[in-house]
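# generate coordinates for the sequence data below:
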Amino acid sequence: MKIATWNINSIRRRTGNLVEWLRHAAPDVLLLQEIKCQDEQFPRLEIEAAGYCCTIVGQKGFNGVAIVSRTPPELVHRTLPGDHGDVQARYVEARFATSAGPLNVASIYLPNGNPVQSEKFPYKLAFMERLQQRARELFEAEEMVVLGGDYNVCPTDMDVYDPVAWANDALCRPESRKALRTILYLGYTDAFRALHPDAKAYSFWDYQAGAWQRNNGLRIDHLLLSPQAADRLKACGIDKAERGRPEPSDHVPVWMELDAAPAG
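Below you'll find the model as predicted:
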């Protein structure tokens, strides 16, 4: 079973890129972030024509998450539990039946948090605290869980091209890294790092300052697995070539394969 995550950075601008990637990469489940559209504006017809169904949590102009899948899941949450006042579209959670048992997945668009001196950084940390609580609840069910998305956190200095220059950025601040480690310490596995412990690999390159051409990247898109999912992890990779296509997102897909198959 192939599961991927991709911050598409405006799905209406990149529908063609997305559909072409779906056709050649053939994931069973794709977790999308930053779709930047309302539910009714989502290019559902094009994606359904490629053989997928859509679970969408949109927002006008920014944010927005979705789950694109070959089989329809059971929708569990359209928002991250813990704050009824949070209206930003950053979380969708669903449940699939597989040959190996239930699979719980979430598409997460974690706040950027910059500038650190603004209210955006406390919001990021509060969101991560809520995510930690939901991750614990899912973990305690002892089922397969995949928490995928744009975490806007470089876990270590290995995950950023220039650790010194980025040391005070919200993506690399100690508080952000500690919050992510807290989730990992519950017992979750970073799928890419588990299989590529020494790889200097990135999933994001800014549009500015020739970042792509210089390979000045960050690894901020992650697939975190519960033990039941990690035990079935077969492969994980980053489709770097997508960043070099015309009109690309500044992120690329991160994918993995589990030793399981969709039911039905």
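# let's see the helix or strand hosting Glu20 as PDB, backbone CA atoms only.
Following DSSP states H and E, one finds Glu20 within helix 15-25. Extracted in PDB, the C-alpha atoms of helix 15-25 (Å, rounded to 0.1, in the frame of the first residue of the first chain):
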ATOM      1  CA  THR A  15      -4.000  20.200 -11.100                       C
ATOM      2  CA  GLY A  16      -2.200  19.000 -14.200                       C
ATOM      3  CA  ASN A  17       1.000  18.300 -12.300                       C
ATOM      4  CA  LEU A  18      -1.000  16.500  -9.600                       C
ATOM      5  CA  VAL A  19      -3.000  14.300 -12.000                       C
ATOM      6  CA  GLU A  20       0.100  13.300 -14.000                       C
ATOM      7  CA  TRP A  21       1.900  12.400 -10.800                       C
ATOM      8  CA  LEU A  22      -1.100  10.300  -9.600                       C
ATOM      9  CA  ARG A  23      -1.000   8.400 -12.800                       C
ATOM     10  CA  HIS A  24       2.600   7.500 -12.800                       C
ATOM     11  CA  ALA A  25       3.200   7.300  -9.000                       C
END
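# tell me which residues of that helix come out buried.
Neighbour-count burial for helix 15-25, counted by 16 or more other CB atoms under 10 Å, picks out Thr15, Asn17, Leu18, Trp21, Leu22. For the C-beta atoms, the positions are set from N, CA and C on the backbone; glycine is no exception.
# chain center to that helix: distance?
17 Å (CA atoms, centre = their mean, to the nearest Å).
# next helix or strand past it?
By DSSP H and E, the next helix or strand past helix 15-25 is strand 29-33.
# Leu186 against Leu138, yeah?
No - under the criterion of CB atoms under 8 Å, Leu186 makes no contact with Leu138, lying 9.4 Å away.
# quick one: which of the two has more around it?
Leu138 (22 against 15; other CB atoms under 10 Å).
# which SS class is that one?
helix (DSSP: H, G, I helix; E, B strand; the rest coil).
# enumerate every residue touching it.
Asn104, Val145, Leu147, Ser226 (CB atoms under 8 Å, 6 or more residues apart in numbering).
# and for Asn63?
Glu34, Lys36, Gln88, Ala89, Arg90, Tyr109 are the contacts of Asn63 under CB under 8 Å, 6+ apart.
# ramachandran coordinates for it?
Here is the backbone geometry of Asn63 (degrees, to the nearest 10): phi 60, psi -150.
# ok, now how distant is it from Asn112?
11 Å (CB to CB, to the nearest Å).
# Leu218 now?
Applying CB to CB to Leu218 and Asn112 gives a distance of 12 Å.
# more crowded one of the two?
Set Leu218 next to Asn112 and count neighbours by other CB under 10 Å: Leu218 wins out with 24 against 17.
# any idea of the pLDDT on that one?
Listed pLDDT for Leu218 reads 98.
# and what of Glu257?
pLDDT at Glu257 comes out at 98.
# residues contacting it?
Met1, Lys2, Ile3, Leu233, Lys234, Ala235, Cys236.
# all set now, cheers.
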